[in-house]
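Enquirer: Build me a model from this:
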Amino acid sequence: MSDHYNAFELSPVPTPGPDAVAPELFRGIYGMPAFVTIPTTDLATSVDFWVRGLGFFELFSIPGTLVHLRRWAFQDVLLVSAPTVPAQAPAMSVSFSCVLNQVDSLVEDCRAVRPDSVDGPRDTPWNTRDVEVITPENARIVFTAAKPFDPDSQEARNLEAIGISPPAAGRGDNAEHV
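Expert: Residues are numbered from 1 along each chain as shown. Now for the predicted structure:
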């Protein structure tokens with residue numbers, strides 16, 4: 001028995017598949033349930049990489065102090081001016097969802113701006129294709145795209161082993177959780 005239930009309707013992430021379409025860039029203002037704050041010694045260089053390489057846009061800025069970047073809803077990054085940044089990327093990473101058809105262009109775009117910034121793509125045991133990017137601020141960013149679900153795959157068995165059933169199986173609607 002598991003307390004997990006499907007709640008995909010809460011997320012802007014589309015259902016995985018070869019024809020999955022990424023949501024539009026989200027320009028609305030909302031109370032952010034989570035965000036990342038990243039120090040930078042060069043706001044202009046950082047913004048350029050995040051916009052041209054990673055596909056974010058500038059939501060607003062406080063000149064010389066802060067730039068609020070966003071992609072999809074709930075993918076918010078605050079770049080803040082700082083006197084120093086870490087000399088190397090930490091082991092910790094921050095992950096952002098994307099769709100499979102964005103992976104190759106993300107790799108190309110990042111390499112066009114910073115040639116040695118990308119590792120991957122690589123497939124994971126939990127059914128995603130991931131790209132790791134080291135930004136100019138030495139932040140470790142992972143873009144992760146869900147692969148189509150194959151109920152006969154090893155990835156499906158891995159998920160089932162920890163109590164996660166396929167989206168079509170399980171409890172049905174989520175009325176009891178509303």
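Enquirer: most residues in a single helix of the chain, which one?
Expert: Counting residues, the longest helix in the chain under DSSP state H turns out to be helix 100-113.
Enquirer: Give the other helices and strands that that helix contacts.
Expert: When contacts are defined as 3 or more CB pairs under 8 Å, 6 or more residues apart in numbering; DSSP states H and E, helix 100-113 sits against strand 118-123, strand 128-134, strand 140-146. For glycine as for every other residue, the C-beta is placed from the backbone atoms N, C-alpha and C.
Enquirer: out of those strands, nearest to residue 37?
Expert: Closest of the helices and strands packed on helix 100-113 to residue 37 is strand 140-146, at 13.5 Å (criterion: CB to CB).
Enquirer: List the strands paired with that closest one, with their directions.
Expert: Taking DSSP bridges as the criterion, strand 140-146 pairs within the sheet with strand 94-98 (parallel), strand 128-134 (antiparallel).
Enquirer: so how far is the longest one off the chain centroid?
Expert: What that stands for is strand 128-134. The chain centroid and the centroid of strand 128-134 are separated by 9 Å under CA atoms, centre = their mean, to the nearest Å.
Enquirer: Could you tell me the angle between that strand and helix 100-113?
Expert: Relative orientation of strand 128-134 versus helix 100-113 (axes from the mean of the first three to the mean of the last three CA atoms, to 10 degrees): 20 degrees.
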